[in-house]
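Engineer: Compute the structure for the input listed below.
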Amino acid sequence: MFIDEYELDSITDNPYLNEIYKESVFIDVETTGLSRTYSDIISITFLLYEDDKYKIYQIFCQYKIDQPDALKHLKEMIKSKKYIVTYNGNSFDLPMLEEKAKKYSIALSFDLFIKIDLYNYVQKLRYKINTHDLKLKTLEEYFCIVRNESLGGKDIITLYEAYKLEPRKEFSYLILKHNYEDVYNLPFVMNYIFNLYDDVIYLKNIIVPINNDDISIKKNSLQCNFNVLTIIDKNFINHSMNYDMKLYVETQILEIIIPLNTYKDESIGDFYYLDNNEYEIDSYTAIKGIIRNLIPIKINDKMYYNNINSIVRKIIEEGFGHSKMQMQAY
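Structural biologist: Purely as a prediction, here's the structure:
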């Protein structure tokens, strides 16, 4: 087994995402196949923040007997991190590593990490992406992320078989170069994925990506259910006269329920609205003929998402932007 180490420049110009990235490990694994039982680990590459800089580590298993030491080293290196970021890693990389660790009686588990599988994120936004598939390389190309190698999974296996017969440095270099690119590009893919959302609320202690599909009206209430990223370590509940908000830290889900005022009129139809005297947002889309301080939320089948997002932003900023929870998280 040998380990390579590389220092990186900044991986995002977004200071809020950067706080999440500092608490994260980005990881990808190369294996001899898809079987968790019979396939072996070729290499483990991971990116993390250490000693005030971002670094990439690459563990290369020269022989099958290197796997236990590789897993032990990985476990030690990532033990202080909160998030683990992968691309389809929830289905393959993480279960593979856990199964191999179990085989060698190594207590490696990712249960305590908050898992950010970018493949799952982009699946939910599939309708916004014009690609023929959702493979990582396809997504990189769509986002104009330059990859400096062009090998595929079968090429890696062929190179590794050649390496075992004749351990030439150029074989291991090509394998590790491929694995390096998979991990190095993950933060940039994540940056671009966040840009696909209809809106994103960035606060120091929580990031709330907003997709309009996550907003609905049920039982005369505006109901929002957002996947969030937060370094807050305790569940948070805020009951108000105007809304209920709950943050579930383990699942990284933020729920907001806002009771709506309703009115039915022959000229405008069904009208859902909020009173801006209660929220005091600076600007919103108004409707001619409607009392000025009423914020339209839905008229007949039309949802006023800009108004909704302004209200949601106001609530989240009040709940987290100046709360004691923010001070506790830092």
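
Engineer: only C-alpha atoms for contact and neighbour calcs from this point on.
Structural biologist: Noted.

Engineer: so where's the longest strand in the chain?
Structural biologist: With secondary structure taken from DSSP state E, the chain has its longest strand at strand 41-50.

Engineer: buried residues in that one?
Structural biologist: I41, I42, S43, I44, T45, F46, L47, L48, Y49 (16 or more other CA atoms under 10 Å).

Engineer: can you check stretch 143-158 too?
Structural biologist: So for stretch 143-158, counting by 16+ other CA under 10 Å, buried means I156, I157.

Engineer: ok, which stretches of the protein are helices?
Structural biologist: Using DSSP state H, the helices found in the chain span residues 15-22, 67-78, 93-103, 118-124, 136-142, 153-165, 169-184, 186-194, 276-279, 305-316, 324-329.

Engineer: Give the burial count for V122, as a bare number.
Structural biologist: Using other CA atoms under 10 Å, V122 has 20 other residues around it.

Engineer: Sorry, slip of the keys, the one I care about is S39.
Structural biologist: Counted by other CA under 10 Å, the residues lying close to S39 total 13.

Engineer: Thought E30 was touching it, still the case?
Structural biologist: No. Applying CA atoms under 8 Å as the test, S39 and E30 come out as separate, 10.2 Å apart.

Engineer: sorry, back to before: what is the nearest of the buried residues of strand 41-50 to N14?
Structural biologist: Nearest to N14 among the buried residues of strand 41-50 is Y49, at 15.5 Å by CA to CA.

Engineer: quick one, what contacts the residue nearest to the spatial centre of the chain?
Structural biologist: By CA atoms, centre = their mean, the chain has its centre lying nearest to I116, at 4.2 Å. Shown in contact with I116 (CA atoms under 8 Å, 6 or more residues apart in numbering): Y83, I84, V85, T86.

Engineer: Recalculate using a threshold of 10 Å.
Structural biologist: I116 makes contact with 24, 26, 83-90, 190, 229, 252, according to CA atoms under 10 Å, 6 or more residues apart in numbering.

Engineer: Report the beta-bridge partners for it.
Structural biologist: Counting by DSSP bridges, I116 is bridged to V85.

Engineer: Can you give me the distance of it to T251?
Structural biologist: From I116 across to T251, the span is 11 Å (CA to CA, to the nearest Å).

Engineer: mean confidence score for stretch 218-229?
Structural biologist: Averaged over stretch 218-229, pLDDT sits at 95.

Engineer: What about the nearest residue to A101 once chain neighbours are set aside, how many residues nearby?
Structural biologist: Spatially, and ignoring its direct neighbours in sequence, A101 is nearest to L108 (5.9 Å; CA to CA, 6 or more residues apart in numbering). By other CA under 10 Å, the residues close to L108 number 18.

Engineer: show me what contacts L108?
Structural biologist: L71, K72, L74, K75, E76, K79, L97, E98, E99, K100, A101, K102.

Engineer: Can you flag the buried ones in those?
Structural biologist: Among the contacts of L108, those classed as buried by 16+ other CA under 10 Å are L71, L74, K75, L97, E98, E99, K100, A101.

Engineer: Tell me how many other residues surround the residue lying closest to E7 once chain neighbours are set aside.
Structural biologist: Nearest residue to E7, sequence neighbours excluded (CA to CA, 6+ apart): K55, at 4.5 Å. A count of neighbours around K55, defined by other CA under 10 Å, yields 17.

Engineer: Wait, K55 touches I27, no?
Structural biologist: No. Counting by CA atoms under 10 Å, K55 stays clear of I27, with 11.9 Å between them.

Engineer: about what we covered before: tell me the neighbouring strands of the longest strand of the chain, and mark each as parallel or antiparallel.
Structural biologist: strand 24-31 (antiparallel), strand 53-60 (antiparallel).

Engineer: Next, the angle helix 186-194 makes with the first one.
Structural biologist: Right, the one you point to is strand 24-31. Interaxial angle of strand 24-31 relative to helix 186-194 (axes from the mean of the first three to the mean of the last three CA atoms, to 10 degrees): 110 degrees.

Engineer: ditto for the last one
Structural biologist: For strand 53-60 against helix 186-194, the angle between stretch directions is 120 degrees (the same axes, to 10 degrees).

Engineer: what's the spacing between strand 53-60 and its chain's center?
Structural biologist: Centroid separation between strand 53-60 and its chain, computed with CA atoms, centre = their mean, to the nearest Å, is 20 Å.

Engineer: P209 - nearest residue in space that isn't next to it in sequence?
Structural biologist: Across the structure, with CA to CA, 6+ apart as the measure, the residue nearest P209 apart from its sequence neighbours is V200 (4.3 Å).

Engineer: ok, the one you found - how many residues close by?
Structural biologist: For V200, the neighbour count with other CA under 10 Å is 17.

Engineer: cool, D133 as well?
Structural biologist: When neighbours are counted by other CA under 10 Å, D133 registers 11.

Engineer: Repeat that for the one 4 residues further on.
Structural biologist: Per other CA under 10 Å, the neighbour tally for K137 reads 18.

Engineer: Now do the end-to-end distance for stretch 223-239.
Structural biologist: Between the opening and closing residues of stretch 223-239 there is a gap of 15 Å (CA to CA).

Engineer: looking at the strands paired with strand 41-50, which is buried most?
Structural biologist: For these, the largest average neighbour count (mean count of other CA atoms under 10 Å) is found in strand 24-31, namely a mean of 23.
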